[in-house]
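Engineer: I need the structure of the sequence given here:
(2 chains, ligands or ions: 1)
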Amino acid sequence: MSQVSYISKQVADLKPSGIRRFFDLAAQMEDVISLGVGEPDFVTPWNVIEQSFHSLEQGYTSYTENAGMMELRKEISKYLIGNYHLTYDPSDQLIVSVGASQAIDLALRAVIDPGDEVIIVEPSFVAYVPTVRLAGGIPVTIQTEAEDEFKLKPEQIEEAITPKTKAIILCNPNNPTGTLLLQEELEQLATVIKKHDLLVLSDEIYAELTYDDAYTSFPSIPNMKERTILISGFSKAFAMTGWRLGYAAGPTEIIAAMVKIHQYTMMCAPTMAQHAALEAMKNGRQSVQSMFESYKQRRNFIVSSLNEIGLQCPNPGGAFYAFPSIKATGLTSAEFAEQLLQEEQVAVVPGSVFGANGEGYIRCSYATSLKQLDEALNRMKRFVQKRM
Amino acid sequence: MKEIEVELLKLIEKNANLEVEKIAKLMDKSIDEIRELIDKLEKKKVILGYSTLIDWAKVLDEEEVTAMVDVKVTPARDVGFDKVAERIYRFPEVKAVYLMSGTYDLSVSVKGKTMMEIGHFISEKLSALDSVLSTTTHFVLKKYKHDGIILQDADEGDKRIVVSP
Ligand SMILES: Cc1ncc(COP(=O)(O)O)c(C=O)c1O
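Structural biologist: Predicted coordinates:
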């Protein structure tokens, strides 16, 4: 008897991530320059690593409170007030999670009943559709357009809404497009969201990485805080992907529901990572700033270089991704990425991985050293010139 | 100092041979603008030179010795420590001179090919200066970090997986 029959239908029906498939392909090759990574190229700031050693030396090796160390929650709360004028009570409106990833999963499982529809804006982070499904919900995707700089328009929400719609996931700035929604754009979306009484999961993990315009946190828009679960974490701005630490802030009842799931499934986030995060919050500003400056320079560099090569690329407002069009080459995004990898050993991610409307685009992460970036772009130029 | 000057200086401090074209792209400015800015900073002596940090320990036949010398001096009338510091920093063997607080006055870094050569310089030249009262010499045994750069064979390669979300 095949073991496959044991697998739940829910899981069997999930498509493996397109990123995973591409990873397997790239992993077989040597000397690959990767623009395919969704994580910083910096090592976690030394003071943060050092603080984690210190916490272990002091014997902090046991569980913390389910919702996370109170001291850390207080520090996160201070940070949200300081940066976005958002007041969350650290005692019952904040939860420390295992990466933003777990916060997303907890939030969805806490609010979704079977059959509830959740709106997802594509091109989108690869985890949203599967986690909605795993929570028993039905993902309803909206396709944003390159002509609109992949910005979501209020009419698009209206069109996607049905009586079953419960929530919408917003990712600002966006992975993979780097698109940043500005305050007035968010306000327009908020009007529709309020009208239809939707809950919002606002994934703001790239909030620190916005280059030209001021950042507006979605729950800071009037009347939105009581219907928004703010999700963020330490992975991107603090270069702490491997530490697996994130958090969610939101209305008391929803956070309580999330803590309930968390206490039975995860108990708490890793203790040494929480100590590290505490140090990052207290003394990490300067490191964040210097990494930010590098990302901004590399963004300028990659965008102008891609446009010179002939891969049309708008200037992304945030995150560390460029999302150029490869339509001029006549290839699909998967063909482009595979051939580029085979011929020039440069890894990028095909846009189709992020949703149907990602076809015709590739995601290039510029979280990589200038030297590598420069070489990758030389190789891409050679590759593209043969095809145009 | 203007923000863009600081940005430019930070960039070339880390990488003195970055091409002007690349700096322009990184900073989203025109090549001419960057050229002009560099020119101006050179004229104002903000940019004093362009050097390369080399780990000479790796180049076998170019071995060299560094000593840090604590120097006590009698300050000269009117000009304080400056005059004697100048007498010292003019020697080509001397790579750095700092005025210090504490138990001695000047910290002098001296480079030479051998310990003998440095010893010779200190006894014949440095100690022989009128205002030098005493010297204490410390030879450097191993360099771990210099000017913010860690000198070791650590594998700085990209440890990330090739593709990730
Ligand atoms: C939009 C978005 N949300 C969440 C995550 C997951 O972050 P974490 O490492 O905190 O789980 C990522 C990581 O790529 C992301 O791009």
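Engineer: what segments of chain B are strands?
Structural biologist: When secondary structure is read from DSSP state E, chain B shows strands at B:65-73, B:94-99, B:106-112, B:132-139, B:145-146, B:149-150.
Engineer: now render those strands as CSV, adding mean pLDDT and mean neighbour count.
Structural biologist: In short, each C-beta sits where N, CA and C put it, glycine included. Output for those, formatted as CSV (pLDDT from 0 to 100; neighbours: other C-beta atoms under 10 Å in any protein chain shown):
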stretch, mean pLDDT, mean neighbour count
strand B:65-73, 96, 19
strand B:94-99, 97, 14
strand B:106-112, 96, 19
strand B:132-139, 96, 14
strand B:145-146, 88, 10
strand B:149-150, 84, 10
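Engineer: now do the contacts for the closest residue to the ligand within chain A.
Structural biologist: In chain A, the residue found nearest to the ligand is residue A:99; the distance is 2.6 Å by C-beta to the nearest ligand atom. The neighbourhood of residue A:99, defined by C-beta atoms under 8 Å, 6 or more residues apart in numbering or on different chains, consists of A:233, A:235, A:244-246.
Engineer: go on, residue B:95?
Structural biologist: Neighbour list for residue B:95: B:66, B:109-111 [criterion: C-beta under 8 Å, 6+ apart].
Engineer: and those residues as TSV, adding distance to the ligand?
Structural biologist: Written out in TSV, the entries for these read as follows (distance: C-beta to the nearest ligand atom, whole Å):
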residue	distance to the ligand
B:66	45
B:109	45
B:110	51
B:111	48
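Engineer: show me the shaky parts of the chain.
Structural biologist: Using chain A here. Counting by pLDDT under 70, chain A contains low-confidence ranges at A:1.
Engineer: meant chain B, my bad for not saying
Structural biologist: Low-confidence segments of chain B (pLDDT under 70): B:1, B:60, B:62, B:153-156.
Engineer: what parts of it come near the ligand?
Structural biologist: By C-beta under 6 Å from any ligand atom, the residues of chain B that approach the ligand are residue B:165.
Engineer: could you do the stretch 201-350 of chain A as well?
Structural biologist: Counting by C-beta under 6 Å from any ligand atom, the residues of the stretch 201-350 of chain A close to the ligand are A:203, A:205, A:233, A:235, A:241, A:246.
Engineer: which ones are touching the closest residue to residue B:145 other than its chain neighbours?
Structural biologist: The shortest distance from residue B:145 to any residue other than its chain neighbours is 6.5 Å, reached at residue B:151 (C-beta to C-beta, 6 or more residues apart in numbering or on different chains). Residues near residue B:151 by C-beta under 8 Å, 6+ apart: B:55, B:57, B:143-145.
Engineer: just residue B:71 next, same as before
Structural biologist: Here residue B:71 is in contact with B:88, B:104-108, B:126, B:132, B:134-135 (criterion: C-beta under 8 Å, 6+ apart).
Engineer: again, only using 7 Å
Structural biologist: The contact partners of residue B:71, taken as C-beta atoms under 7 Å, 6 or more residues apart in numbering or on different chains, are B:104-106, B:108, B:132, B:135.
Engineer: name the nearest of these relative to the ligand.
Structural biologist: When these are compared against the ligand (criterion: C-beta to the nearest ligand atom), the nearest one is residue B:108, at 50.4 Å.
Engineer: show me what that closest one is bridged to.
Structural biologist: Residues in a beta bridge with residue B:108, per DSSP bridges, are residue B:69, residue B:97.
Engineer: hmm, back to that, in strands only, show me the contacts of residue A:99.
Structural biologist: Filtering the contacts of residue A:99 for strands - DSSP E - leaves A:233, A:246.
Engineer: residue A:190: how many residues sit nearby?
Structural biologist: When neighbours are defined as other C-beta atoms under 10 Å in any protein chain shown, residue A:190 has 21 of them.
Engineer: now do the same contact list for it.
Structural biologist: Here residue A:190 is in contact with A:221, A:224 (criterion: C-beta under 7 Å, 6+ apart).
Engineer: next structured bit after the helix or strand hosting it?
Structural biologist: Using DSSP states H and E, residue A:190 falls within helix A:183-195. As assigned by DSSP H and E, the chain's next helix or strand after helix A:183-195 is strand A:199-203.
Engineer: report all helices and strands that that following strand contacts.
Structural biologist: For strand A:199-203, the elements it packs on are helix A:99-111, strand A:165-171, strand A:228-233, judged by 3 or more C-beta pairs under 7 Å, 6 or more residues apart in numbering or on different chains; DSSP states H and E.
Engineer: can you tell me which of these is packed in deepest?
Structural biologist: Ranked by mean neighbour count, these are led by strand A:228-233 with a mean of 27 (mean count of other C-beta atoms under 10 Å in any protein chain shown).
Engineer: closest one to residue A:292 among the strands of chain B?
Structural biologist: Evaluated with C-beta to C-beta, the strands of chain B place strand B:149-150 nearest to residue A:292, the distance being 22.0 Å.
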